[in-house]
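Chemist: below are the sequence and a predicted model; questions follow.
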Amino acid sequence: FFGSHKSNFTAALLFACPLRDHRSGRPHFRIRLKGNFTFSSLLGKKHGQFSELKLAPGQVKCLHHVLVSGKHWGPVHVAVARPLEGSELWCVVSDQLTSIETFTEYGQRFQIEEGFLDEKSAACHLEDSHLRTAPQLQRLLLVLSVALLVLVSLGTDLVASKQRRLIDPHWRRGLSYLKLGWRRLQYCLSHGLDASSTLVLIGGADPEPSHLQRKRKPPPTFSDVWLLDFSSIS
């Protein structure tokens, strides 16, 4: 649906949270949109912009079976809400029926933000490759995946063995595990040391959460849910 047109969904996709159905293996998505996106019924009747929906603080409206933007992408399902904590409007579009839980599912993206940052500007500079074809990107991502696995393993082992301050003097961890692994590799090469030859990926709770994770605001909360189904509205 997104790949069939050139669209202004690019910015919105930066805030996407991919999910996977463990039963079918099919990926799903939760994407936050701006309030100025328009929506219409399946028959093309325009119902205005999401920002025009009258929502009290804490209220949620779920719009099922709608088309989004003037190009009528869809059908999709949208959850629109105004949190109790402020006036900012939240619009999350999904390929699955939306509910108040959609915002919790979208919030899962915050768990992988460090990884997105590493893949883009902080480490790999993936966008600077300017590759446009799927086969080229697949080959590059294969190489990057192996490199990321090794570097994250080095960083994980460094923290687990309580040696982080050997290469990162800060009292609290602020670097991702990938960047810690990168610095450890540079340290070993510059000092003529052998880097670990064992992959170490420890499950469970983060042994040393970064101070950036601790500063994160709690997810918005809502109290009232309205459901509007546009599947049969002309």
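Modeler: Perfect, thanks for sending it. Small disclaimer: the values here were computed from a predicted structure and weren't measured.
Chemist: let me know how buried residue 149 is, in neighbour terms.
Modeler: 14 (other CB atoms under 10 Å). Every C-beta, even on glycine, is put in place using the N, C-alpha and C of the backbone.
Chemist: isn't it up against residue 199?
Modeler: Yes. The criterion here is CB atoms under 8 Å, and residue 149 meets it with residue 199 at 7.0 Å.
Chemist: and the nearest residue to residue 154 once chain neighbours are set aside, what does it touch?
Modeler: Excluding the flanking residues, the one nearest residue 154 by CB to CB, 6 or more residues apart in numbering is residue 181, at 3.4 Å. Contacts for residue 181 were tallied using CB atoms under 8 Å, 6 or more residues apart in numbering; they are 150-156, 158.
Chemist: got the phi and psi for residue 139?
Modeler: Backbone dihedrals for residue 139, given as degrees, to the nearest 10, come out at phi -70, psi -40.
Chemist: what is the neighbour count of it?
Modeler: With other CB under 10 Å as criterion, residue 139 counts 12.
Chemist: in the protein, which spans are helices?
Modeler: Under the criterion DSSP state H, helices of the chain are mapped to 10-13, 101-106, 113-117, 134-160, 177-190, 211-214.
Chemist: most distant residue from the middle of this protein?
Modeler: The outermost residue of the chain relative to its centre, with distances by CA atoms, centre = their mean, is residue 192 at 38.5 Å.
Chemist: my guess is residue 56 meets residue 84, correct?
Modeler: No. Counting by CB under 8 Å, residue 84 is not a contact partner of residue 56; they are 9.6 Å apart.
Chemist: and these two? which has more neighbours close in?
Modeler: Taking other CB under 10 Å, residue 56 and residue 84 do not tie; residue 84 has more neighbours (14 against 9).
Chemist: ok, that one to residue 100 distance?
Modeler: From residue 84 over to residue 100 the distance is 12 Å, taken as CB to CB, to the nearest Å.
Chemist: same check on residue 210?
Modeler: Between residue 210 and residue 100 the computed distance is 29 Å (CB to CB).
Chemist: same question, residue 183
Modeler: Separation of residue 183 from residue 100 (CB to CB): 42 Å.
Chemist: who has more neighbours out of the two?
Modeler: Per other CB under 10 Å, whichever of residue 183 and residue 100 has more neighbours is residue 183, with 19 against 15.
Chemist: quick check, pLDDT for that one.
Modeler: With respect to pLDDT, residue 183 has a value of 88.
Chemist: residues contacting the nearest residue to it once chain neighbours are set aside?
Modeler: Nearest residue to residue 183, sequence neighbours excluded (CB to CB, 6+ apart): residue 167, at 4.5 Å. Contact analysis of residue 167 by CB under 8 Å, 6+ apart lists 158, 180, 183-184, 187.
Chemist: what comes up buried for stretch 161-176?
Modeler: Within stretch 161-176, the residues scored as buried using 16 or more other CB atoms under 10 Å are 164, 167-168, 173, 175-176.
Chemist: then stretch 144-154?
Modeler: Across stretch 144-154, burial judged by 16+ other CB under 10 Å covers 144, 148, 150-154.
Chemist: number of nearby residues for residue 34?
Modeler: So residue 34, with other CB under 10 Å, has 14 neighbours.
Chemist: distance check, it against residue 68.
Modeler: For residue 34, the distance to residue 68 - CB to CB - is 11 Å.
Chemist: many thanks, I have nothing further to ask.
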